[in-house]
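Enquirer: What would the 3D arrangement of this be:
(4 chains)
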Number of protein chains: 4
Amino acid sequence: LRGEDDEEELLVDYVEKNTNNMSIKMPHQLFINGEFVDAEGGKTYKTINPTDGTAICDVSLAQISDVDRALATIEALDSGAVYTLALKTHVGMSIQTFRYFAGWCDKIQGSTIPINQARPNRNLTFTKKEPIGVCYRDSLELPSDDAGLEDRRLPGRGEHSALVGQRLSDHPDVRKLAFTGSTEIGKHIMKSCAVSNVKKVSLELGGKSPLIIFSDCDMDKAVRMGENCIAAGRLFVEDNIHEHFVKRVVEEVKKMKIGDPLDRATDHGPQNHKAHLDKLVEYCQIGIKEGATLVCGGKQVQRPGFFFEPTVFTDVEDHMYIAVEESFGPIMILSKFKSGEVDDVLRRANATEFGLASGVFTRDISKALYVSEKLNAGTVFVNTYNKTDVASPFGGFKQSGFGKDLGQDALNEYLKTKAVTIEY
Amino acid sequence: LRGEDDEEELLVDYVEKNTNNMSIKMPHQLFINGEFVDAEGGKTYKTINPTDGTAICDVSLAQISDVDRALATIEALDSGAVYTLALKTHVGMSIQTFRYFAGWCDKIQGSTIPINQARPNRNLTFTKKEPIGVCYRDSLELPSDDAGLEDRRLPGRGEHSALVGQRLSDHPDVRKLAFTGSTEIGKHIMKSCAVSNVKKVSLELGGKSPLIIFSDCDMDKAVRMGENCIAAGRLFVEDNIHEHFVKRVVEEVKKMKIGDPLDRATDHGPQNHKAHLDKLVEYCQIGIKEGATLVCGGKQVQRPGFFFEPTVFTDVEDHMYIAVEESFGPIMILSKFKSGEVDDVLRRANATEFGLASGVFTRDISKALYVSEKLNAGTVFVNTYNKTDVASPFGGFKQSGFGKDLGQDALNEYLKTKAVTIEY
Amino acid sequence: LRGEDDEEELLVDYVEKNTNNMSIKMPHQLFINGEFVDAEGGKTYKTINPTDGTAICDVSLAQISDVDRALATIEALDSGAVYTLALKTHVGMSIQTFRYFAGWCDKIQGSTIPINQARPNRNLTFTKKEPIGVCYRDSLELPSDDAGLEDRRLPGRGEHSALVGQRLSDHPDVRKLAFTGSTEIGKHIMKSCAVSNVKKVSLELGGKSPLIIFSDCDMDKAVRMGENCIAAGRLFVEDNIHEHFVKRVVEEVKKMKIGDPLDRATDHGPQNHKAHLDKLVEYCQIGIKEGATLVCGGKQVQRPGFFFEPTVFTDVEDHMYIAVEESFGPIMILSKFKSGEVDDVLRRANATEFGLASGVFTRDISKALYVSEKLNAGTVFVNTYNKTDVASPFGGFKQSGFGKDLGQDALNEYLKTKAVTIEY
Amino acid sequence: LRGEDDEEELLVDYVEKNTNNMSIKMPHQLFINGEFVDAEGGKTYKTINPTDGTAICDVSLAQISDVDRALATIEALDSGAVYTLALKTHVGMSIQTFRYFAGWCDKIQGSTIPINQARPNRNLTFTKKEPIGVCYRDSLELPSDDAGLEDRRLPGRGEHSALVGQRLSDHPDVRKLAFTGSTEIGKHIMKSCAVSNVKKVSLELGGKSPLIIFSDCDMDKAVRMGENCIAAGRLFVEDNIHEHFVKRVVEEVKKMKIGDPLDRATDHGPQNHKAHLDKLVEYCQIGIKEGATLVCGGKQVQRPGFFFEPTVFTDVEDHMYIAVEESFGPIMILSKFKSGEVDDVLRRANATEFGLASGVFTRDISKALYVSEKLNAGTVFVNTYNKTDVASPFGGFKQSGFGKDLGQDALNEYLKTKAVTIEY
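Expert: Okay, here's the model as predicted:
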């Protein structure tokens, strides 16, 4: 408690790479029981650089026995929680996350609760919050340049990842599992948690987040946000500014510099895998076939690596495939709504099985608060987008999952409440 | 809000029964959309009086179409929550539950959260807690006289109940399901919730709750509690008082009046079904076969109805079937522990996949608080047992489930948190 | 707890009056120890009807000995809190207040707090919230028709009231005093609380609450609110709508029906006392003398009773008496501010020793939230005014006092926190 | 927020001293506006070493103009809070205090509150907690070796201190004052806060804290605690162990090594001032005169410096001066209570105008919890004493003051709550 523990030095076997004139050192082993170790049998796999398709380095490939070994050591601790401390897209946010939650450590309070007194006896009832025990937090993250909110829910990291994930959701000593990924895999994981040992589970799954843009918004900001968060899901634009908005967006999209994500001048990097790139091409073909208007983009960039052109679709009708399914790529889906028909655009925005995030751009305080109230999603951004903060709970409604990452609410996902009643 | 709504009179078709010189009226229909109605096709089933095996009355038997009809009307409401307002064992507690939660209605607050300021823009981040939407609370309760904590987790109410439960855990419009019952059925329900639409779920499942009795306890109280809560799971008695404790318990058990649960002089009523009675007989036979000592009871009472003799087993070893499995009946399972070996008895008490409740009897404040801290169960009773209160959160650890009934924590099971960030 | 107490019938000696074709019964005695009783020596005073100057009825006049008698009986209770359950201006709100706080009774929770462990000993630290003991809540309310937020802070109810108040702030058995009234009397009361027995005190004192009206507001609503809350303190109107706003306000003011407050058609009733009426006349004369423009009103209405004309001043400069002091009457104080100079009008609005309430009218979400953030007052209303609610904490900053009425925060004013640490 | 600010180096003019083979550097100037500066006119005073009566060094003596200068700079900050960061008795606790409260910085949340909806308009009501503005935390601390809980409430640090304190409680720009000291001075300070500008105030004042020792306690621990916390106020010892307890205490007291507080072998150091030493002599003489039994000590130690003999009084009756007044010195006040008369000893323990702290030693859980419930003091220690922790709220009842130091509650002392209601 409060920083008085001794610390030992950690031995790490790094891989060194040179990039941007900096030498970067990365551990390539598994982190088990406080040490970096090789996987069982020394198995490794190559990570591929999506910018040019070359191999970066060999990384230890965890086997089932490694998973069990890791859990066994955790079991031995008084009460541990294990995280796959995956490098977040934004390293700064990881640091903030550690700082923020470190501050909670000595502030996790239970309650004393007044209960009915049965004279002559008296009672003291109190609760304490304890760590759940062995938890596991998995996420299938895409460390690509354009990784926005949605991009974290890619359908898989290949079979190796699935092997570890499966073992953990089945494992009899794990009591809680938090998963970030696609709804499809989320359902499977929750099922495994159920039948193995009724694990507590929290899920941050897929989304097709609506962003509603009213004509009285700050247009510059709306264009900038729409562009940054090109994968927002689906934009609804008020019809009296639709033409102008599309023109502005296309102008901006054409200025985007596509290239090496480690080059600071780059606006948009490559997709993570060849498979994903192919999926985006197919996604756009379906859009065109169903009658949406392809305004720009829609195909691979003519250069080495897995680059996809920033893409804009308009005239997207509610029933179309691209109106309903996530792309996980740089594809903007635009639909029009009739000027002033606030309730109707809300109905359309909520007519989805997802409820991860949402947004609205308007200067009008009444409209902004009314739309915020009615959007059926775990997060609503007003006149901004994707502004997550470690202190703000993040998590979805409906088939986007349940439970919260970040914020005070996230703490409770990893705590269990014990109620003690003493009669005296 | 705050009691200013108008109310309409409710038409109820009652069944009248005479008992204890009182005339009791019970609705026998389904309660859907604010009305009592017959089930689709007028289907009914007979409820059987376990005291003498006769039929009490015909009760409407819900069909899948009835479930859908009920949910459809709920959907139409702005934000509804449906409960199977099952008659609790103790009606008084139901009333208290309504009073307690009614008081929360206008006190459900979200937060305003300080987030990092990105100048020149400013942010307001706040959360609001909203009803999840269509929730369902199922429980397979046993309204029998001896219903203690454990008795609520019986393995089923037959196929009719299962039909309704299955439909609800599969239903695409239900977003949250709370279930009280056996761990086996709980796993199945959570699986259905996962694969249908990733329903949020809370589970109050099986238990084999340990009760540790130290030699410095108030013996009279310990005997009384042990007897009242004969189904506590498993008692660990300090060896220096073991002989005396067993003698006292048997004396008390022999005084118990077995009979009609509606007769106020009765200490112990019948089991709920013939099937359950047969299971108890088998349970005791396994105990005897594995070497436990049957001190008294162990068979059906020689009279009409499904009565089982209050039963006491001693010399129960940790590996035996009756040390590990719930009986749901009036069977006390006693194990000895070595005087002073607190950590060892704690290890044994925690060596179970359940973690619903637990208890300790001792006058020593240090021992009481140490044992409370170490017992790995959702509820710990000290010098009392089964003293649940509407304000105290109740729910298990490990395979006894997750989520809380009762208390402020229970509220959060039925609420979802929306985070709104406004940039200004 | 939870409504299971028996209740006795209360004997009340009422005065009956006929008004609006209804017969109203009012108790006229003191309420001490659960009974209505006469004051010591049978002393009474006459309450005067300000509509026509006639006496309404004789009311028991509490003497010091009555105060002591009342406190003595409270002392005898386990833990009591006494309120002068004054008839609030809006009876509906009183009822809501009772309902709201009744719901808190069984929800007042303390905390269990993790503290540093000093091995080998362990600790349990918890807090419980207990009633402070004998509390007293005084307020000098003005049950007049035009009673808005400000009108409750009149400088006194005469010497009788002062006698009781003084005795209570001096009383050695009272541990907490809450006072609503003028800043001047508040200072005196806090001083008495200090030197007698260091009473805990909460104060809701004077205000001169600013209301900022931007040109992009809903003008109809702003005029309506300005009129309703004519005593808001001080209005700052953006200069490009100033002329139009004044014209609209004057039109509305001229339509106001002045008369008997019990007649539902009446918009504005009489002042409470002759003294107050005289003070308003003087207040307006100072305003004129210092150079403010009297647009309408400013003198007594030519009819029996203590009626004052609804009054509007414009061109009020920051240094003027009427810009700084409360009037407690139907006098609107209008100042202009330069279009777009948001920070400057904020500076002027905050340049006061009061900080009770404040308001802003604008449709612009950024302006609304920025101004809300910067206004240095306990309450900020946006696009509404005087919308108090029992669940929302109400109380001022700076010399408007400290502590909160209403809301969960108000509970804590009457509770003390005991921290218990057990080493085990 | 979250540690990303730049920091400048601070220039400090230290005084160097050698002690315990360590060189200690202490700043001797005033800390105003982020710099260490001399007082107005270069005024200084000498701090006296109570171990031998010599001067340690010259320390800048703050003048009224210095106070105003300090406040003026604070005013200029957006929202500042100034603390007299006095070296706490235990430096370790200061460090913990900074760590603990630093963790709160980004976790200070307000609420969103459901209020009654007046259709067709909708409302958003939320609160934010803001720093009160210029706060001041004063305490008259005694950095002596035997400084326990009570020793911090000495009657003054001389006139210089009083000058600064008076200026601060009168100052029109200070909005909140927290004071730790005697009840007498506390009353005066609260009075000044009232009449100047209705400052919010929190007070931690005098105490005469009861410690009840039952015969079933851990005697070794009770003796050790009684000895450590010799200034606890007043000990009530159950009569059947009274003789034995006194014998054990006297044995321990006689072993105490009196001497230089910087020598680690020392158990008890000198009093802080000559005046205090004289007061202790007088205190004991009154005790003897009123009939209490002086068992040991009671006079100055025959060596240079202001040392007072550890002193034990028995047979102290409730009405005696030494039963009612604090000594602030190493004087143990012992009273007997009749075996088993729990309610009577509680009545005696609570019969005081103070309510700062209290304690009980017993192994019996029922007795421990019953006594904890009934002791009317802000802090209750069970089987320990003076175990304060930064996370546990500390503050008194009755004339020991109000408001809390430490813990989450302490935060609220320095925050004000703004409620915003938006109609939309």
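Enquirer: Count the neighbours of residue A:408 for me.
Expert: If you count neighbours by other C-beta atoms under 10 Å in any protein chain shown, residue A:408 ends up with 20. Every residue, glycine included, has its C-beta placed from N, CA and C.
Enquirer: Buried residues in the one helix or strand it maps to, which are they?
Expert: Using DSSP states H and E, residue A:408 falls within helix A:407-413. For helix A:407-413, burial by neighbour count (16 or more other C-beta atoms under 10 Å in any protein chain shown) applies to A:407-413.
Enquirer: contacting residues for residue A:212?
Expert: Neighbouring residues of residue A:212 by C-beta atoms under 8 Å, 6 or more residues apart in numbering or on different chains: A:235-236, A:337, A:345-346, A:349, A:358-361, A:371.
Enquirer: Can you tell me which of these lies closest to residue B:422?
Expert: Relative to residue B:422, the closest of the contacts of residue A:212 is residue A:360; by C-beta to C-beta it sits at 9.6 Å.
Enquirer: State the three-state secondary structure for the closest one.
Expert: Assigned state for residue A:360: strand (three-state reduction, DSSP: H, G, I helix; E, B strand; the rest coil).
Enquirer: wouldn't it be in contact with residue A:370 here?
Expert: No. Counting by C-beta atoms under 8 Å, residue A:370 is not a contact partner of residue A:360; they are 9.4 Å apart.
Enquirer: ok, these two, which is more surrounded?
Expert: residue A:360 (30 against 18).
Enquirer: how near is that one to residue A:369?
Expert: Applying C-beta to C-beta, to the nearest Å, the value for residue A:360 to residue A:369 is 10 Å.
Enquirer: related to what we said a few turns ago, format the buried residues of helix A:407-413 as CSV; extra columns: distance to chain D.
Expert: Shown next, in CSV, are the buried residues of helix A:407-413 (distance: C-beta to the nearest C-beta, whole Å):
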residue, distance to chain D
A:407, 10
A:408, 7
A:409, 11
A:410, 13
A:411, 11
A:412, 14
A:413, 17
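Enquirer: Any idea how many residues pack against the nearest residue to residue A:170 once chain neighbours are set aside?
Expert: Closest residue to residue A:170 apart from its sequence neighbours, by C-beta to C-beta, 6 or more residues apart in numbering or on different chains: residue A:196 at 4.8 Å. Residues lying near residue A:196 (other C-beta under 10 Å) number 17.
Enquirer: surely residue A:196 meets residue A:173?
Expert: No. Residue A:196 is beyond contact range of residue A:173, at 10.2 Å (criterion: C-beta under 8 Å).
Enquirer: which residues sit in contact with the closest residue to residue A:320 other than its chain neighbours?
Expert: Spatial nearest neighbour of residue A:320, excluding adjacent residues (C-beta to C-beta, 6+ apart): residue A:290 at 4.5 Å. Taking C-beta under 8 Å, 6+ apart, we find residue A:290 in contact with A:317, A:320-322.
Enquirer: which of the residues you listed tops the neighbour count?
Expert: Of all the contacts of residue A:290, the highest neighbour tally under other C-beta under 10 Å goes to residue A:322, namely 21 neighbours.
Enquirer: Where does the closest residue in space to that residue that isn't next to it in sequence sit: helix, strand or coil?
Expert: Distance criterion C-beta to C-beta, 6+ apart; nearest residue to residue A:322, sequence neighbours excluded, is residue A:287 at 4.2 Å. Under three-state DSSP, the three-state class of residue A:287 is helix.
Enquirer: Would you mind measuring from residue A:287 to residue A:259?
Expert: For residue A:287, the distance to residue A:259 - C-beta to C-beta - is 26 Å.
Enquirer: which one of the two has more residues nearby?
Expert: Taking other C-beta under 10 Å, residue A:287 and residue A:259 do not tie; residue A:287 has more neighbours (24 against 19).
Enquirer: thinking the more buried one is in contact with residue A:314, fair?
Expert: No. Residue A:287 is beyond contact range of residue A:314, at 10.4 Å (criterion: C-beta under 8 Å).
Enquirer: what about residue A:284, neighbour count?
Expert: By other C-beta under 10 Å, 23 other residues sit near residue A:284.
Enquirer: for it, what are its contacts?
Expert: Residues near residue A:284 by C-beta under 8 Å, 6+ apart: A:294, A:297-299, A:311, A:313, A:322, A:331.
Enquirer: same deal with residue A:204?
Expert: A:139, A:153, A:178-181, A:356, A:394-396, A:400-401, A:403, A:405.
Enquirer: Report the buried members of these.
Expert: Of the contacts of residue A:204, these count as buried by 16+ other C-beta under 10 Å: A:139, A:153, A:178-181, A:356, A:394-396, A:400-401, A:403, A:405.
Enquirer: what's the lowest-pLDDT member of these?
Expert: Least confident of those in the model: residue A:153, at 36.
Enquirer: what sits up against the host helix or strand of residue A:184?
Expert: For residue A:184, the element it lies in under DSSP H and E is helix A:183-197. For helix A:183-197, contacts defined as C-beta under 8 Å, 6+ apart pick out A:138, A:140, A:155-156, A:165-166, A:169-172, A:174-175, A:177, A:179, A:181, A:199-201, A:203, A:205-206, A:354, A:399-401, B:187-188, B:190-191, B:193-195, B:198, B:353, B:398-399.
Enquirer: Tell me which of these fall in strands.
Expert: The strands, defined by DSSP state E, take in A:138, A:177, A:179, A:200-201, A:203, A:354, A:401, B:398 from these.
Enquirer: could I get those residues as JSON lines with distance to chain C?
Expert: As requested, those are exported to JSON lines (distance: C-beta to the nearest C-beta, whole Å):
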{"residue": "A:138", "distance to chain C": "29"}
{"residue": "A:177", "distance to chain C": "26"}
{"residue": "A:179", "distance to chain C": "29"}
{"residue": "A:200", "distance to chain C": "22"}
{"residue": "A:201", "distance to chain C": "26"}
{"residue": "A:203", "distance to chain C": "29"}
{"residue": "A:354", "distance to chain C": "26"}
{"residue": "A:401", "distance to chain C": "30"}
{"residue": "B:398", "distance to chain C": "22"}
